[in-house]
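>>> pasting the sequence and the predicted coordinates here, then a few questions.
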Amino acid sequence: MEENKVASANEEMLNIKGLVVHYETEDEVVEAVNGIDIVINRGKAHGLVGETGAGKTTTALSILNLVPDPPGRIVSGEITLDGQRLIQFKELTEEKRAELEEKGAWAPSEPALTEREYEHIRGNKVAMIFQDPMTALNPIMPVGEQIAEAISLHQNLDKKAAMERTREMLEMVGIPGIRADEYPHQFSGGMKQRVIISMALACNPSLLIADEPTTALDVTIQAQVLDLMHELRDKFNMSLLMITHDLGIIAEMCDEVSVMYAGRIIEHGTLEDIFDNACHPYTQGLFNSIPNIEDRKTELRPIRGLMPDPANLPKGCAFCPRCDYAMDTCAGRKPEKVWLSDTHCVECHLYQAGDTRRKL
Amino acid sequence: MSNNAATAAPAESLHKIYKRKSQLRDVWHRFCKNKMAFVALCILAIIVLAACTADLFWDYEKDACELHISEKLQHPSREHLLGTDEVGRDILCRLVYGARVSLKIGIGAATFALVIGCILGSIGGYYGGKIDSVIMRFTDVLLAIPGLLLGIAIVNAFKPTVFYMALAFGISYISKFTRIIRSSILSIRDQEYVEAARAIGAKDSVIIFRHILLNCMAPIFVQYALCIGTRILSVSTLSFIGLGIQAPTPDWGSMLAGARAYIRGNAYLVMGPGVALLLTISSFNIIGDGLRDALDPRLKK
Amino acid sequence: MSNNTENRDILLEVRNLKKYFKRSDGFLHAVDDVSFALERGKTLGIVGESGCGKSTTGRAILRLTEPTSGEVIFEGTDITGLTKSEMRKMRAQMQIIFQDPFASLDPRQTISQAIEEPLRLNGIVKNKDERFNRVIELMEIVGLAERLVNTYPHELDGGRRQRIGIARALAMNPKFIVCDEPVSALDVSIQAQILNLMKKIQKDQGLTYIFITHDLSVINHFADDIAVMYLGRLIEKAPTEILFNNPVHPYTQALLSAIPVPSIHSRRKRVTLQGEVGSPINPKPMCRFASRCPYAVKTCMQSEPPLAEIEKDHFVACHLHN
């Protein structure tokens, strides 16, 4: 799978439209994701950056319909993977639709596939790696077996062929094939994460979702793992959704960035758009508050306050209470998405469509 | 240091303003939210109340112990709400007096086991090493002896009074408490907040009591409640086979034993003590669970 | 290692500190012959990756873990020789802030109880009401609202919990605080808040810090001097500016280059280390970094390099730079 100049009309690998996910418990409703759009093209890497509680992991789980239900529920949205619909809007009668529109409620959605069909996609077309390599591997099974399991679930290979492929995959991530019979506890953290990567890539997925894959690793090991992911991405022309809070990793690995806050994508653009021309006060605040090893003179300027409780979001813009540029409209009305250029969009009352100048 | 309103206000009043609302009230509220636990507590309260006020309604000697053969085996009526037993005594009366015995032994045994278990478990768990080994071997020995047989042995060696029975049934449960407390301490001992306490200069005793034991309260209380329940069952068992509480002292176990020969046609004879045992033991169990949930400040509903 | 300590106000001196743990297969050299001196009012950053021994060093200095050998001289007194009760009295002057703001607080204590405890236990303030006032004062210093006095740790977010930890450490007016990864468990935007707070407190109260972290980008805003550790040994120590501008030890170079920079114009060339970290159990008498070092030569496999001063205040343990 060298180059993918497929004559398919669709360059889009993943298209998420208007995704809304809630966690509903007895006491409260946690609005984890509140209407986001993400488009990832074939072979591209998309970074989803935000802090804890922004809704990034929930977004990732929704793609594969893995949001724990109950209490989680995909309320609305449409997710399409390489032309195939994963989550679709429900068919509604005209009057029901009008009723909902009047109430201002979200258009309801439902899973578009059966569980069996989802299972067919998971690990096969879309692979996901999580943050903690310590708990992602079964401690009582040799790693080779775990990788082979993933392979035999999706491909019609006999046992011997599956083990062959397993060893190939391990070598590809830099682990000697003979270690396939060892148990997870015999590997270090970095190596475990590599095993997980090889498991994820065993079936040549078109999309890899990586949720904070290196947060638990040491910095020099992180460098190794990121290099590996970069190399493999190029080799397989795989799309990547990289979820992280670390802007440095985004700068290294991604082509496009979406900044998430309180369940909404408040800014999106190419690397240049975000790193050189961040428009949203939150994005700029993030850059100001993180230490930059190459720019040591500046003082750290933290964002005051805390992220809002997702069970209790404020009426207007969710960032307003912490924003130094807040205006009167901000507290009362949620900002709409505004396109500043072909690639750069932002949700902020400070901007109108076509504004290219930063107002910060 | 800093000149703020806090230091300007008289020292006393500030403290009173922030007088911490009692932790006990918090626990109580959480406990009451649990309907089953609350009901169980009420049932138990009724039983205890009845046991304490029995003398208001009956005379112990006359109603609970003396034989009234002429009135034997009467079905429940207005005069004898639960009927009379095989020698004519009012069953309800005996039930209530029997509660006293059961509760005394149950709570006595459980408390004895708890206190000894706490001491042994804390010392063993916190200090480890040889002390721990000795204590653990001691509890192993205790575990090797079946509780009921130990009870029979002690009761035969001494007198079958409430005190010795409580002692006997308490001893057999020490091991359980010791192990539970010891494992709780082991799991907490290496937590960072224990280290933090040491860093601010706390002595070992303070660390063990304030930081470790109090944080193990949940399993201890659950076990305590369960323990009372099982002790009551053990006493009744022993009395049922005739080796426990001796006649004429009323006890639920011996009431059941006496009723055995007459069950056919007189089902009411076993209903009383049977239901009493069921309610009491279940209530303790449910209260134990309820306490555990109410005591953990981290458990959200 | 001798240090030019005469004309400086040295608060703490650590000499040949060792901490070995006995394991079934040998001795784990967690801290192996670490020495340095710390000036009053300054911050020393100890950096390294997991397993390098930095946390153990911090705890050994405070004798929360007993050192296997070596001396810790605090204001002229060797505290390794003190008895248990003498050490308890010493603790008021040397405190610690922990990494995990949840695990380091007793879940059964309210904020005020947690902050009050050191005052109560050490008899610093005997009157209950005065103690309470001091608690409020401390809460204000660390930026905790008065109304939070009766809340429990689990009701608060990580940033606030860490402030409780800081308030607790400050309660006894210490001279010296070991900060063990104090912001690693916090969200990015909260990290900056806490770091700024700690810096301000240091200035206001003339504190001396040892700041332990794996995050070099954080340390650069905070420390005056930095010591880099690897597998229990101190392999480079220099003032911050010098370390970042001119890292000498190959490990330091690799470490600095591995940090992802949040900028798309970074010109940095990355040195990716091969292989895995060696084992700290019964290490052989050779440079512990040799197996991964791109510049290793024969001498590196044969003996441990001593820590040598290559320029003023810049120490390196490397055979190539002796």
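The structure has been received and is ready for your questions. Numbers count the residues shown, from 1 in each chain, chains lettered A, B, ... in the order given.
>>> CA atoms only for the least confident helix or strand in chain C by mean pLDDT, dumped as CSV, please.
Within chain C, no helix or strand scores below helix C:216-219, which has a mean of 84 by mean pLDDT, DSSP states H and E. Once non-C-alpha atoms are left out, helix C:216-219 reads as follows in CSV (Å, rounded to 0.1, in the frame of the first residue of the first chain):
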residue,chain,number,x,y,z
LEU,C,216,13.0,20.2,31.3
SER,C,217,10.9,23.0,29.7
VAL,C,218,9.3,23.6,33.1
ILE,C,219,12.5,23.7,35.0
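>>> pLDDT value on residue 236, please?
Picking chain A for this. On pLDDT, residue A:236 comes in at 85.
>>> ah, no, chain B please
In this prediction, residue B:236 carries a pLDDT score of 89.
>>> next, count neighbours for it.
The number of residues packed near residue B:236 is 28, by other C-beta atoms under 10 Å in any protein chain shown. C-betas here are computed from N, CA, C, even on glycine.
>>> need the pLDDT of the residue in the stretch 151-300 of chain C positioned nearest to chain B.
When distances are taken as C-beta to the nearest C-beta, the stretch 151-300 of chain C reaches nearest to chain B at residue C:154, 5.0 Å away. The model reports residue C:154 with a pLDDT of 83.
>>> and residue B:11, by the same measure?
Model confidence at residue B:11, given as pLDDT, is 40.
>>> tell me where the chain has helices.
Reading this off chain A. A:56-63, A:94-103, A:115-121, A:133-136, A:143-154, A:159-172, A:189-201, A:219-236, A:247-253, A:271-277, A:281-289, A:328-332 (DSSP state H).
>>> nope, chain C
All helices of chain C, identified by DSSP H, fall at C:54-61, C:84-90, C:111-121, C:128-142, C:158-170, C:188-205, C:216-219, C:240-245, C:250-258, C:298-302.
>>> off-centre distance for the least confident helix or strand of chain C?
Centroid displacement of helix C:216-219 relative to its chain, using C-alpha atoms, centre = their mean, to the nearest Å, is 12 Å.
>>> most centrally placed residue in chain C?
When C-alpha atoms, centre = their mean is applied to chain C, the residue found nearest the centroid is residue C:212 (2.8 Å).
>>> distance check, residue A:53 against residue A:23.
12 Å (C-beta to C-beta, to the nearest Å).
>>> contacts only, for whatever residue of chain C ends up closest to chain A.
Among the residues of chain C, residue C:260 lies nearest to chain A; the distance is 2.8 Å by C-beta to the nearest C-beta. Shown here is residue C:260, whose contacts under the criterion C-beta atoms under 8 Å, 6 or more residues apart in numbering or on different chains are A:222, A:226, A:246, A:248, A:249, A:251, A:252.
>>> OK, now which residue of the stretch 1-150 of chain B is nearest to chain A?
The nearest approach of the stretch 1-150 of chain B to chain A comes at residue B:33, 12.1 Å away (C-beta to the nearest C-beta).
>>> now do stretch A:50-58: distance to the chain's middle.
When distances are taken as C-alpha atoms, centre = their mean, stretch A:50-58 is centred 9 Å away from the chain's centroid.
>>> that stretch: which residues count as buried?
Burial within stretch A:50-58, assessed by neighbour count using 16 or more other C-beta atoms under 10 Å in any protein chain shown, is assigned to A:50, A:51, A:53, A:54, A:55, A:56, A:57, A:58.
>>> tell me the pLDDT of residue C:308.
For residue C:308, the pLDDT comes out at 91.
>>> so it makes contact with residue C:319?
No. Proximity of residue C:308 to residue C:319 does not meet the contact threshold set by C-beta atoms under 8 Å, at 10.0 Å.
>>> higher neighbour count, the two?
Regarding residue C:308 and residue C:319, a neighbour count based on other C-beta under 10 Å identifies residue C:319 as having more, with 21 against 13.
>>> shouldn't that one be in contact with residue C:306?
No. Because the distance of 9.4 Å does not satisfy C-beta under 8 Å, residue C:319 is recorded as not touching residue C:306.
>>> before we move on, the earlier item: least reliable of the helices of chain C by average pLDDT, please.
Mean pLDDT across these is lowest at helix C:216-219; the value there is a mean of 84.
>>> so what touches that one?
Outside helix C:216-219, the residues that touch it by C-beta under 8 Å, 6+ apart are A:219, A:290-293, C:45, C:47, C:183, C:191, C:195, C:211, C:213, C:226, C:240, C:255-256, C:259.
>>> interface residues of the stretch 151-300 of chain B facing chain C?
Where proximity means C-beta under 8 Å from any C-beta of the partner chain, the interface of the stretch 151-300 of chain B facing chain C comprises B:191-193, B:195-203, B:206, B:210-211, B:214-215, B:297-298.
>>> what's the closest non-adjacent residue to residue A:43?
residue A:237 (4.5 Å; C-beta to C-beta, 6 or more residues apart in numbering or on different chains).
>>> pretty sure the one you found sits against residue A:42.
Yes. Under the criterion of C-beta under 8 Å, residue A:237 is in contact with residue A:42, at a separation of 7.2 Å.
>>> so those two - more neighbours on which side?
Taking neighbours as other C-beta under 10 Å, residue A:237 and residue A:42 compare with residue A:42 leading, 19 against 15.
>>> tell me the pLDDT of that one.
The per-residue pLDDT reported for residue A:42 equals 91.
>>> that one against residue A:15, yeah?
No. Taking contacts as C-beta under 8 Å, residue A:42 lies outside contact range of residue A:15: 11.8 Å.
>>> overlap in contacts of these two?
The overlap between the contact sets of residue A:42 and residue A:15 (C-beta under 8 Å, 6+ apart) is empty.
>>> low-confidence regions, chain B specifically.
Counting by pLDDT under 70, chain B shows low-confidence ranges at B:1-24, B:296-301.
>>> wait, the stretch 251-360 of chain A
Within the stretch 251-360 of chain A, the stretches falling below the threshold (pLDDT under 70) are A:295-298.
>>> where does it come near chain C, residue by residue?
A:251-252, A:271-272, A:275-276, A:285-287, A:289-296, A:299-304, A:306-307.
>>> which residue does chain A have closest to chain C?
Among all residues of chain A, residue A:248 sits closest to chain C, at 2.8 Å; criterion: C-beta to the nearest C-beta.
>>> which residues are in contact with that residue?
C:259, C:260, C:261, C:262.
>>> around chain A, which positions in the stretch 101-250 of chain C sit nearby?
Residues of the stretch 101-250 of chain C lying near chain A (C-beta under 8 Å from any C-beta): C:157, C:159, C:187-193, C:195-196, C:214-218, C:220-221, C:244.
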